[in-house]
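Undergrad: A structural model of the following input is requested.
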Amino acid sequence: MSIYVGNLSYEVNQEDLSEVFAEYGTIKRVHIPTDRETGRVRGFAFVEMESEANEDKAIETLDGAEWMDRQLKVNKARPREDRSYFGGGRNNRF
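TA: Next up is the predicted model:
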């Protein structure tokens, strides 16, 4: 499973996030998406921890906590949506 961390500062980096989440257990991976065009951090990240119990503890403690002048939104990450379709606009004809 993975943790979604939202409302992050645009100045955040992997080391910053790893330091915060390491208090709750071993971290397997930290991913901070960036904008394709500008390279700027998009304001959210995903953290994978070694155990689900550690993830649950981190979520419980950090959701709503203030960090880097922001109130964090921390919860279980939802599975990625399939974006292979062209939804939305009326000009999408096959």
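Undergrad: would you say Glu19 is within a helix?
TA: Yes. Assessed with DSSP: H, G, I helix; E, B strand; the rest coil, Glu19 lies in a helix.
Undergrad: Can you check the pLDDT for it?
TA: If you check Glu19, the pLDDT there is 97.
Undergrad: any idea how far it lies from Val47?
TA: 12 Å (CB to CB, to the nearest Å). No exception for glycine: its C-beta is placed from N, CA and C like everyone else's.
Undergrad: What helices and strands are in contact with the longest helix belonging to the chain?
TA: In the chain, with assignment by DSSP state H, the single longest helix is helix 52-62. With contacts defined as 3 or more CB pairs under 8 Å, 6 or more residues apart in numbering; DSSP states H and E, helix 52-62 has these neighbours: strand 3-6, helix 14-21, strand 44-49, strand 73-76.
Undergrad: Buried residues of it, list them for me.
TA: Neighbour-count burial for helix 52-62, with 16 or more other CB atoms under 10 Å as criterion, is recorded at Asn54, Glu55, Ala58, Ile59, Leu62.
Undergrad: what's it in contact with?
TA: Contacts to helix 52-62, defined as CB atoms under 8 Å, 6 or more residues apart in numbering, come from residues 1-3, 5, 20-21, 23-26, 47, 49, 72, 74-76.
Undergrad: Give me the buried positions along stretch 62-80.
TA: Leu62, Trp67, Leu72, Val74, Ala77.
Undergrad: gap between the two ends of that stretch?
TA: Chord length of stretch 62-80, first to last residue, is 23 Å (CA to CA, to the nearest Å).
Undergrad: Now that stretch: average pLDDT?
TA: Per-residue scores along stretch 62-80 average to 95.
Undergrad: likewise stretch 40-53?
TA: On average, stretch 40-53 scores 96.
Undergrad: Kindly format the C-alpha coordinates of that stretch as CSV.
TA: Written as CSV, here are the backbone C-alpha positions of stretch 40-53 (Å, rounded to 0.1, in the frame of the first residue of the first chain):
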residue,chain,number,x,y,z
ARG,A,40,8.1,22.1,-10.5
VAL,A,41,6.8,20.0,-7.6
ARG,A,42,3.1,19.5,-7.9
GLY,A,43,2.3,19.8,-4.2
PHE,A,44,1.7,16.1,-3.3
ALA,A,45,3.7,12.9,-2.9
PHE,A,46,3.5,9.2,-2.3
VAL,A,47,5.3,7.4,0.5
GLU,A,48,5.6,3.6,0.8
MET,A,49,6.6,2.1,4.1
GLU,A,50,7.7,-1.3,5.1
SER,A,51,4.6,-2.3,6.9
GLU,A,52,0.9,-1.3,6.8
ALA,A,53,0.9,-0.8,10.6
